[in-house]
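A.B. asks: starting from these lines, generate the structure:
(3 chains)
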Amino acid sequence: MASVDNKDHILRAIQSNVRYDGRKNNEYRPVTIEYGVSWTAEGSAKVSIGDTTIIAGVKLSAGEPYADNPDEGTLMIEAGLLPLSSPLFETGPPGIDAVELARVIDRGIRESHSIDTHALCIKKGEKVWTVTCDICTVNADGNLFDAASLAAMAALKNAVFPEISSDGTVEYKKKTKKSLPLVQCPIAITVWKAGELLCVDPTQGEENVFEARLTITTIEDGSIVAMQKGGEGTLTSDDITRMIDLALEKAQFLRKHL
Amino acid sequence: MTYKKRYDGRDFTELRPMEAKAGVIKQADGSGMFRAGKTTALAAVYGPRELHPKFMQDPTKGILRVTYSMMPFSGAGERVRTGPSRRSKELSMVIQKALQPVVDLKDFPNSVVDVFIELPETDAGSRCASINAASIALADAGITMKDMVAAVSVGRVDDKTVVDLDYQEEAHEEGHVADIPVAVIPSTGEITLLQLDGVCEPSRLKEALAMAVEAAKKINAVQIAALKDKYKKPSAETDASSE
Amino acid sequence: MSQLFVQDKDVVVPGESLAEGMDYLPGPGSYRKGDTIVANRVGLVSVAGRAIKLIPLSGPYMPKRDDVIICKVTDITLNGWRLDTNTPSSAMLSVRDATNTFIVKGSDLTKILQIGDYLVGGVVQVTTQKLIDVTLRGPGLRKLASGQLLKFSPNKFPRIIGRQGSMVSMIKRATNCQIVVGQNGLIWMSGEPAMEVIAVEAIRFIEDNAHTSGVTDRVKKLLESKGLTVPEGEAQDDQPRIERFGADREERGESREGGFGGGERRSFDGPREPRRDFGNRDGGDRRGGFGGNREGGFNRDGGNRDGGERRFERRDSGNGERRFDGERSGGFQGNNSGNSNGGSRFDRPRFERRDNNGSSNGAPNNNNNGSNDNNNAPSDNNASNGSSSDDSQQ
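C.D. replies: Numbering: from 1, shown residues only, chains lettered A, B, ... in the order given. Predicted coordinates:
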């Protein structure tokens, strides 16, 4: 049973700009980032937005490049909505929500070329680095997109290359001091719509109340690098303009925490 | 071959530094974190709750269901593919059997108490850390348990009997190694998990088990402190009006 | 040689030794292992004479008869509604328990309750398989309007309610919010959004500090620090409760204030022993049940019931305040016909529960709190008074 269920009552709170925990509609819960939480990962971070906590870990491996990109490394983003983190998640392979989460975060990083994949090349045509970032929810209390995006960026920022021997085997136990070639920092912000009102960072209980959401990933120079609309309601173009403005502002806010 | 000094400098009967916390996952009914050296386990308990599918329900009591999983980046070498492996299925089962003897679920017919375990980092002893975290989580969830369960790997490295093997010791190549995970009910010394991997003389096994039972008490003290810590009274509390 | 290892209000964990020796008895939350009494859950020690028990600090809700719980309608069946009670058990509200009016078979039940509606109901009975029967018949039991729902740990219920409902009352009056606390770990509230925020904060504070003392004062300070005033004086008890249901209900009069008069009620009693039914709480004759001058049970000094130690534990029905009206004269008004009344508050005319009759607990004093659960006063006996509950409380 969801802990907060009566939609109109929640909406009323949102409409008066005083949510159940006292925040305003455009306010985030407290944000914390802890780096290096997993000694086995090449890079890792634990991010909390309010009670939502996510751990992201980066692993590197060396393998053959794709035929059509012989001098570029590869990137993979995966996400798991772990049953550990919420009574709503079940065991089993990633469901559609986990897949959507992974793909949205992926899009923001990949299409913006935020990782210089050419710099991941070890030997053209033969060996390149594959960077995999796994996003794991530890406590799911709403706004997973934003928290996952921040966690992924923090883990990538924290990552360093392991040593690689001359025959191409990765020496995981030996870490270099070389960071990943991150050229910019895409941050996803999800804006939620309820009638005329726009809201950010809903708790799990609040999420059910909104008709639609728009996740907007932006980089430092203000360009939009990914978008995803969710929910079964509709958005007007005016909604979208306002949502983008809000997302830009909040992305800068979150980025400061890194 | 002799094993003169442990890789990390510990005494042969010394445990790795431990850390434990209760109530770390708010969405869960109970939760715990247990770290031994560089192995960290997170456990969350959900339940008692309705059990689906129905054919698994037991009308006489609730069932305990454990799901053990490693986060993909928690292995010392390459990334571990997501999804259950044969190893994780086996570990889920032995962990459940290690905890079952202490829990009492007869008040919850047709229900399930789910224990989910995830490890963000490992350095051997993961099933033991998992059991330790899960015990904390079950107690935190208010499940009726006659005692907690504490687990540690004992074993043999070369000519020495040791407690709490780390990865390097498990991988020791210059002599025989035996890795023996043991789970113990601290108040009685009863053993609820016992596995062995490697080569070990029966006489040494007896010695190792005794060391495990001793070590379990120390581990249990850490678990107890984690639970009680959650309820530590604020220092500024006045006692004037009692409720 | 018996020895106690812990003190009252210590936090203990499963497996911890509480006492040694055969002088001590294991109460709820503990068990005997040889000579020792050992804890079997995380809890707060409570020593009462020779009995040691634990007040749980976490754990699932254990449904029991007469509890007041908040439920959500999940399905409509031929006979009523299926409910989600925030427990693994299945719960049903049957049509006949939903309303006082006669419902024609086959009528559209959604007119009364729809899927997704929330309600505050009373537990009529709990089967061995933990199936729960719920009723809406009782003062305050009703479908709930749109409001905020909060989950809390069910063990904290007595703390949130407070002594005679004082804690939740204080929060209600200071924030002007309607608040209904369900024993199953759910709270429904409705008020001005900014006030709800404060009420939630107060409730979470109580939850986090339930194992400490001085909570009432600290909650008061918290409310005052937000600029709210906490009115003095006793509050109206409007916590919903279950009522007795009998063919003669009409004869009984409407007001059911007060619930039980009773002296000090322990506010945080944790898991309860089988309930001693105080019999007709809501008026009605207490023949037998409490008759004339009886020892034990309540102090009968001139009828002033406030204060007075209870000798045995009174079960928390979860209905909030129990008050004795200090002005009444002691005893129950009404005659002692020796017939025990009480019985479940949900007495249905159709079947009688048997108990150790008559003696209404004519049984030795420790049964004074009224009859056992299965006492059943044939409805007509209870009729007579029709007076408000307070009457018979003495």
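A.B. asks: what sits against the closest residue to chain A within chain B?
C.D. replies: Among the residues of chain B, B:Phe73 lies closest to chain A, at 3.0 Å counting by CB to the nearest CB. From N, CA and C alone the C-beta is placed, and that goes for glycine too. By CB atoms under 8 Å, 6 or more residues apart in numbering or on different chains, B:Phe73 lies in contact with A:38, A:40-42, A:44, A:57-59, A:134, B:79-80, B:120-121.
A.B. asks: what about the helices in the stretch 151-300 of chain C?
C.D. replies: Residue ranges of the helices in the stretch 151-300 of chain C, as given by DSSP state H, counting those that start in this stretch, are C:157-161, C:166-175, C:193-208, C:215-225.
A.B. asks: so which of those is the most packed in?
C.D. replies: Most buried of the helices of the stretch 151-300 of chain C, by mean neighbour count (mean count of other CB atoms under 10 Å in any protein chain shown): helix C:157-161, with a mean of 24.
A.B. asks: do that helix and chain A meet?
C.D. replies: No - Helix C:157-161 is not in contact with chain A by CB under 8 Å from any CB of the partner chain; minimum separation 15.5 Å.
A.B. asks: do that helix and chain B meet?
C.D. replies: Yes - applying CB under 8 Å from any CB, one finds that helix C:157-161 is in contact with chain B at C:Arg159.
A.B. asks: so which elements touch that helix?
C.D. replies: Here helix C:157-161 touches helix C:166-175, strand C:178-182, helix C:193-208, going by 3 or more CB pairs under 8 Å, 6 or more residues apart in numbering or on different chains; DSSP states H and E.
A.B. asks: nearest to chain A, of those?
C.D. replies: Relative to chain A, the nearest member of the helices and strands packed on helix C:157-161 by CB to the nearest CB is helix C:193-208, separated by 4.2 Å.
A.B. asks: quick one: the strands in the chain?
C.D. replies: I'll assume chain A. A:31-35, A:43-49, A:52-63, A:74-80, A:121-123, A:127-139, A:160-164, A:170-179, A:187-194, A:197-200, A:212-218, A:224-230 (DSSP state E).
A.B. asks: the intended chain is chain B.
C.D. replies: Taking DSSP E to define them, one finds strands in chain B at B:18-22, B:30-36, B:39-50, B:63-70, B:111-121, B:150-157, B:160-163, B:177-185, B:190-194, B:197-198.
A.B. asks: any idea how far C:Lys9 is from the single nearest residue of the stretch 201-350 of chain C relative to chain B?
C.D. replies: In the stretch 201-350 of chain C, the residue that lies nearest chain B is C:Ser213 (4.4 Å; CB to the nearest CB). When CB to CB, to the nearest Å is applied, the distance between C:Ser213 and C:Lys9 equals 8 Å.
A.B. asks: next one: C:Gly140
C.D. replies: From C:Gly140 over to C:Lys9 the distance is 33 Å, taken as CB to CB.
A.B. asks: neighbour count: the two, which is higher?
C.D. replies: Set side by side, C:Gly140 and C:Lys9 show unequal neighbour counts under other CB atoms under 10 Å in any protein chain shown, the larger going to C:Gly140 at 19 against 15.
A.B. asks: so that one makes contact with C:Arg241?
C.D. replies: Yes - look at C:Gly140 against C:Arg241 with CB atoms under 8 Å: they come within range, at 6.3 Å.
A.B. asks: overlap of the contact sets of those two?
C.D. replies: When contacts are counted by CB under 8 Å, 6+ apart, C:Gly140 and C:Arg241 have no shared neighbour.
A.B. asks: OK, contacts around A:Glu42?
C.D. replies: Applying CB under 8 Å, 6+ apart, one finds that A:Glu42 lies in contact with A:58-60, A:159-162, A:172, A:175, B:73.
A.B. asks: and residue 229, what is it in contact with?
C.D. replies: Looking at chain A here, since you left the chain open. Contacts here follow CB under 8 Å, 6+ apart; on that basis A:Lys229 touches A:212-215, A:235.
A.B. asks: if you could check chain C rather than the one you did, that'd help
C.D. replies: Taking CB under 8 Å, 6+ apart as the contact definition, C:Thr229 lies against C:Ala174.
A.B. asks: could you pull up phi and psi at it?
C.D. replies: For C:Thr229, the backbone dihedrals (degrees, to the nearest 10) come out as phi -100, psi 140.
A.B. asks: state the pLDDT value of it.
C.D. replies: pLDDT for C:Thr229: 87.
A.B. asks: mind checking how far it is from C:Val168?
C.D. replies: Between C:Thr229 and C:Val168 the distance is 17 Å, computed by CB to CB.
A.B. asks: count the neighbours of the residue in the stretch 51-200 of chain A that chain C sits nearest to for me.
C.D. replies: Here the residue of the stretch 51-200 of chain A nearest chain C is A:Pro87; by CB to the nearest CB that distance is 10.6 Å. For A:Pro87, the number of neighbouring residues by other CB under 10 Å comes to 19.
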